[in-house]
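J.: Attaching a predicted model along with its sequence, questions to come.
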Amino acid sequence: MTIERRQYPEIDIDVFRAQVHGLTVLVVPRPGFQRRYAAFSTRYGGNDLEFVPRGGTEPVRTPSGIAHFLEHQLFDRPEGSVLQRLSALGASPNAYTSSTSTVYYVSAVDGFEQALDILLDFVQEPAFTEAGVAKEQGIIEQEIRIYQDYPHVQVYEDLMLALYQAHPARVPVIGTVEDIRRITVDLLNTCHRTFYHPHNMLLAVIGDVDPAAVVEQVERDLAGRSYGPPEPVRRVYPDEPEPVARPESRRAMATAEAYAAVGFKLAPPVPVDGSAPAPEAQRRVLLLQLALDALIGPASAFYQRLYDEGVFTDAFGYNVEVQPGAAHVLVSGRTNQPGRFCEEVLERLRSAAGQGVDPADFERVRRARLGSFLSVLDDADALNGLLVRDRLLGFDFLRTAQLLRDLDAGGAGAVLAELGRDGRAAVAVVEPKEDGRP
Amino acid sequence: MTDAMGFAVSRPAPGVEVRVRSSQRFHRTTFALFIEQRLAPDLASATALLPRVLRRGTASYPETLDLERAQEELYGASLDAGVVKVGERHLVMLWLTLPAQRYVSEPGLYDRGLALLAEAAARPARDPGGGLRAAYVGQEARELAREIRSLKDHKMGWAQQRCIAVMCAGEPYGVPELGTEEGVAALDAGFLTGYHQDLLARHPLTLYAFGPFDDPDAVAGRLAQVGAELRGGVLVDLPPAATDVPAPAEPRRVEEWEDMAGGWLVLGFRTGVVRADPDYYAMLMLSDLYGGSTHSRLFLKVRERASLAYAAGASYDASKGVMLAVAGVDPARRAQAEEMMLAELADLAAGNIDAGEFAASRATLMRRLKEREDRPGQMIMANLVGRIGGRVDGLEEALARLEAVTPEQVAAAARRVRLDTIYFLGGRGISGS
């Protein structure tokens, strides 16, 4: 088994990588840390609604929310919940489903090897039952209802519907109550067979471990399983027109405070078929993040002016969200004037598209980004999340420090130009219901 | 001297403590400063507002924009300010985290960071008359009031806070951590200026540092200097950090209805066991068996087996000796959920604890203690909370004490637990599945 070692001397971190029966295994040794952390991920998320099942020829269309549903159901085993078995070791298991991935992870101090065995096993060996599906439908319907009470979730979902016309980014990962009711054991098995193949998956281990021992353990596990030959996953994504679906969305709900979100659609840096992005794609995304730091971050005059007026609050954030075939800038927060929140952000970013970023501002935010990158390295949860997210997009999160060194304000100005294009922006607003309104 | 958790301790001035720990494995350095106050209805809003104002500007960087830029210059130093409720104490806290000096090749980074922290604590931006900047006080009062209002938008947390307010009405512990909208509205710059002076001069103050220091003694020396400069007068006497109040003979029952889809049931219990109590580790075990993990009774029986709740769990606040059990339930099934939740606790009290679940809870709590060593922020909080609660155990001692807890002791701890309040926050007119 070849284990490739990649060094990041500027941050004292080495990453070991191996291909084990098609599965990519990444190990990040962190000597001296108590916690050992393993995350088993598949490139399968809320977006992957239509695809050609493994071994089949015709595409099938699956109900929204099925990837997340499957994630819940994998924990259910005839012998009881996997959660209990891991918990019995003192290990802490969990999982999450995003638009593009499902990640199962476990954190342990003692008994890590056993926990890793259990993780490898339950993710690869589904045992879906009619009774389990029926029970899960009840649980997830309640989860959906609980989300409906959260204004910050609603404003995000509304923005996605406004930004995208066809791309499944517009569908909430959790799905709808109606779709959840259509999920069956057969459908779950089809999804698992298609997407939970080692070639479509990634195992990351972070902590005080020996990379060779981890790789050997994974090798032992996979040697005993019979997977068919690798077959590229054929996803069917609708063509997404460049303009937004609609420029504005408004909703009134029972909330104490108003929330606003602004989105700018970008040319997707990662192809819709999930193939490798262009070499400069990661650099461009990072540049755009730095440009946003400089233009609307907490150390911008723009942010401070609007904070003073109450238009921005502590609950304010922005990000560049990238998925295969979709990407957007997201700016959102709690506000006293949702209309102004949206107008100011739109105006700020549109005008910056023509003017670029001040070099002194850029230099400052570059330092700050380096500091926050270094901080993430001490937090296995956060590090794993970013490592996996970037890896599944074809990016390398740990290169961030190197990339940051070579970026400049001119580059940021160039990537900002994209925000000036017409018809690419949308806003969403959630406002408190007026008293007495039905 | 070094305390049980490995922090080197010094006391440079009356009521001032400095605690420093070093470990080379980190890429980040954490500094923190805490000022202790009693938790009280007439003070809570001011205690909550003050750190927000301190965070806005300092003597050297009076404009927030400049203060923010100074942090970015220091490689993304992050200066955070807030309040925390520890039992019936209320603490102003300031945190400063920095990347490890060696990864940014910036000598003097820690000194500059510490100077910023000290200045934020003691030399805030002022108006020409010498008071705290009125504009900042006004804006932060507005933002704090909004933060208080928006607590309602996080339904589970809101239901838990409401349960505590009902259960501990009239006790300091019933006072909300962020104060109240009315309390905040009544504050002005004049009052807050004097309040700030008094806190600095007369209240217990602790400075912490935890990071990859080459010379921890030098860091401790710098912190001691900062601490001594902050101190001005005679120390106040604070009341005990927790008062023990018995549960009523008949549990209180409160239901509140809002325009929402789900429902949240919260059971408030008095355990009678605080951190310094000999039964502390048994109570920790009980709360985990009951609702702390995925193998716990509430999760398994209420959420998984009965499909009654999307979320279910329990949390134990040893700083007061209170335990809350919470479940997200369909309003129509709240009575059934309540009955099941109480039955599980009664079952534990009757000693029906199987070896598997007992071992799982012990292993889980041990893992959490070990993992905490990887997190400087958590270690600092644990040390602070332990000091206030009268028990600071090092890792080895804590593990040994958990190891010694028996199922009989856990059942005995469960029999000390009394139901005080049954609180339900429910959605009006929307029925569940």
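T.: Looks like it arrived, so ask away. Just so you know, these numbers come straight off a predicted model, no measurement behind them. Numbering: from 1, shown residues only, chains lettered A, B, ... in the order given.

J.: can you tell me which residues contact residue 41?
T.: Let's take chain A. Contacts here follow C-beta atoms under 8 Å, 6 or more residues apart in numbering or on different chains; on that basis residue A:41 touches A:101, A:102, A:103, A:104, A:201, A:202, A:203, A:204, A:388, A:392. Bear in mind the C-beta positions are built from the backbone N, C-alpha and C, glycine included.

J.: ah, I was thinking of chain B
T.: Per C-beta under 8 Å, 6+ apart, neighbours of residue B:41: B:175, B:180, B:183.

J.: List buried residues within those.
T.: When these are checked for burial by 16 or more other C-beta atoms under 10 Å in any protein chain shown, the buried set is B:175, B:180, B:183.

J.: And the pLDDT for the second one?
T.: Just to be clear, that refers to residue B:180. Model confidence at residue B:180, given as pLDDT, is 97.

J.: What distance do you get for it to residue B:165?
T.: Distance, residue B:180 to residue B:165, by C-beta to C-beta, to the nearest Å: 10 Å.

J.: next one: residue B:39
T.: Applying C-beta to C-beta to residue B:39 and residue B:165 gives a distance of 13 Å.

J.: One more: residue B:316?
T.: Applying C-beta to C-beta to residue B:316 and residue B:165 gives a distance of 18 Å.

J.: What of residue A:27?
T.: 48 Å.

J.: Restricting to the contacts of residue B:41, which residues neighbour chain A?
T.: With C-beta under 8 Å from any C-beta of the partner chain as the criterion, no member of the contacts of residue B:41 is in contact with chain A.

J.: Narrow the residues you listed to those in helices?
T.: residue B:183 (DSSP state H).

J.: Which of residue B:316 and residue B:165 has more residues huddled nearby?
T.: residue B:316 (23 against 17; other C-beta atoms under 10 Å in any protein chain shown).

J.: three-state assignment of that one?
T.: strand (DSSP: H, G, I helix; E, B strand; the rest coil).

J.: Tell me the bridge partners for it.
T.: Assessed by DSSP bridges, residue B:316 has beta-bridge partners residue B:323.

J.: got the CA coordinates for stretch B:7-17 in PDB?
T.: Extracted C-alpha coordinates of stretch B:7-17, given in PDB (Å, rounded to 0.1, in the frame of the first residue of the first chain):
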ATOM      1  CA  PHE B   7      -2.300  26.300  35.600                       C
ATOM      2  CA  ALA B   8       0.500  28.200  37.200                       C
ATOM      3  CA  VAL B   9      -1.100  30.500  39.700                       C
ATOM      4  CA  SER B  10       0.000  33.900  41.000                       C
ATOM      5  CA  ARG B  11      -1.800  36.700  43.000                       C
ATOM      6  CA  PRO B  12      -0.200  40.000  42.100                       C
ATOM      7  CA  ALA B  13      -2.800  42.200  44.000                       C
ATOM      8  CA  PRO B  14      -5.700  41.800  46.300                       C
ATOM      9  CA  GLY B  15      -8.500  39.900  44.500                       C
ATOM     10  CA  VAL B  16      -6.400  39.500  41.400                       C
ATOM     11  CA  GLU B  17      -5.400  36.000  40.100                       C
END
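
J.: who touches it?
T.: Residues contacting stretch B:7-17 (C-beta under 8 Å, 6+ apart): B:1-3, B:18-21, B:202-208, B:210, B:216-217, B:220, B:224-225, B:227-228, B:230-231, B:234-235, B:383.

J.: Of the residues you listed, which belong to helices?
T.: B:202, B:216, B:217, B:220, B:224, B:225, B:227, B:228, B:230, B:383.

J.: just checking: which of those also lie near chain A?
T.: Applying C-beta under 8 Å from any C-beta to the ones in helices among the contacts of stretch B:7-17, none is adjacent to chain A.

J.: Return the member of the residues you listed nearest to residue A:143.
T.: Among the ones in helices among the contacts of stretch B:7-17, residue B:383 lies closest to residue A:143 (C-beta to C-beta), at 36.8 Å.

J.: Could you tell me how many residues sit around the closest one?
T.: Neighbours of residue B:383 using other C-beta under 10 Å come to 22.

J.: Please report phi then psi for the nearest residue to it once chain neighbours are set aside.
T.: In this structure, residue B:383 finds its nearest non-sequential neighbour in residue B:5, 5.2 Å apart by C-beta to C-beta, 6 or more residues apart in numbering or on different chains. The phi/psi pair for residue B:5 (degrees, to the nearest 10) reads phi -90, psi 10.
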